[in-house]
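>>> Build me a structure from this.
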Amino acid sequence: MVKNSKYLLLALLMALVNLAAGQIGKDTYSPMKRDSEITRITLENYFKKYTDDQLLNRVVKTATHYQAGEGLKVNIDARNARIMFDNGIVWHSKQHAEIMDTFFDEEMVSLQQERLITCLLAFLRDFNSYLPQISSTEAYTFDFEVRDPVRKDETPEETEKSKLRTYKLSITIQQKDVASLKAETTDLNTLRNKITIEKSKL
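Numbering: from 1, shown residues only. Presented below is the predicted three-dimensional model:
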């Protein structure tokens, strides 16, 4: 569930429609760019407002790119959450590395990945109509880049434990499967079994 999502997204979409209207006639305008931007903003806010489960990531920013023959790719900067810290603590990656090492063990990282997948599927259930139209032979790919939060003045040291929680999680969903979800001829459990999940190093 996303609190106040209806009103928040309505305001965002109105802003985007106004932006798109101002671009009509310009070389930079296209329905793909418009719908990709709507998808990007909606997804980013969905993850920030998601309340069904405690996400172990904090989405910082998102970006989209469409490639003909491949489909739409959404890049998501998803920093490891600092839920074990008091909000009043001034974050310093080197000073707090030991706490992060203890919290993000293999079991917690596995749970982290599962919750990203669950939230993404919920987004697709609620907002699949916002996705840009792509070919039936193409796919939607969501790349989550997961790493520790870092201040601009920091260069954190890489350790074996920090490598465990630093990775890219790529989730690919075929256009035909999203179309089936939109037509309500498939459900999330079925879709969950059809998506492709790959984990790689950053």
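>>> From here on, just use CA atoms for contacts and neighbour counts.
Will do.
>>> If you average pLDDT per helix and strand, which one of this protein comes out bottom?
Least confident helix or strand, the chain: helix 5-23 with a mean of 57, by mean pLDDT, DSSP states H and E.
>>> Low-confidence regions, the chain specifically.
Scanning the chain with the threshold set as pLDDT under 70 gives 1-29, 84-95.
>>> Spell out the residue ranges of the helices in it.
For the chain, applying DSSP state H gives helices covering 5-23, 31-49, 97-103, 106-127, 160-164, 175-182, 188-194.
>>> other SSEs contacting the last one?
Contact partners of helix 188-194 among helices and strands, from 3 or more Cα pairs under 8 Å, 6 or more residues apart in numbering; DSSP states H and E: helix 106-127, helix 175-182.
>>> Can you check which of those helices gets nearest to K199?
When the helices and strands packed on helix 188-194 are compared by Cα to Cα, helix 106-127 sits nearest K199, at 9.6 Å.
>>> could you dump the closest one to CSV, C-alpha only?
Presented in CSV, the C-alpha positions along helix 106-127 are these (Å, rounded to 0.1, in the frame of the first residue of the first chain):
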residue,chain,number,x,y,z
GLU,A,106,23.4,-13.1,3.8
GLU,A,107,19.9,-13.7,5.2
MET,A,108,19.1,-10.0,5.4
VAL,A,109,20.4,-9.3,1.9
SER,A,110,18.2,-12.1,0.6
LEU,A,111,15.2,-10.6,2.4
GLN,A,112,16.2,-7.2,0.9
GLN,A,113,16.0,-8.6,-2.6
GLU,A,114,12.7,-10.3,-2.1
ARG,A,115,11.1,-7.1,-0.8
LEU,A,116,12.4,-5.1,-3.8
ILE,A,117,10.7,-7.8,-6.0
THR,A,118,7.5,-7.7,-4.0
CYS,A,119,7.3,-3.9,-4.2
LEU,A,120,8.0,-3.9,-7.9
LEU,A,121,5.2,-6.4,-8.6
ALA,A,122,2.8,-4.4,-6.5
PHE,A,123,3.7,-1.3,-8.5
LEU,A,124,3.0,-3.2,-11.7
ARG,A,125,-0.3,-4.4,-10.3
ASP,A,126,-1.4,-0.9,-9.4
PHE,A,127,0.2,1.2,-12.3
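>>> which one of the helices of the chain lies closest to E145?
Nearest of those (Cα to Cα): helix 106-127, 11.2 Å.
>>> What residues sit buried inside that closest one?
Across helix 106-127, burial judged by 16 or more other Cα atoms under 10 Å covers 109, 112-113, 115-125.
>>> so who does the most centrally placed residue in the chain touch?
Nearest to the mean C-alpha position of the chain, by Cα atoms, centre = their mean, lies I76 at 4.6 Å. Applying Cα atoms under 8 Å, 6 or more residues apart in numbering to I76 gives the contacts V59, V60, K61, T62, A63, F142, D143, F144, E145.
>>> How many neighbouring residues does the second one have?
Read that as V60. 13 (other Cα atoms under 10 Å).
>>> Now it. Nearest residue, chain neighbours left out?
Of all residues not flanking V60 in the chain, D77 sits nearest, at 5.5 Å (Cα to Cα, 6 or more residues apart in numbering).
>>> what do you get for the third one?
Of all residues not flanking K61 in the chain, D77 sits nearest, at 5.4 Å (Cα to Cα, 6+ apart).
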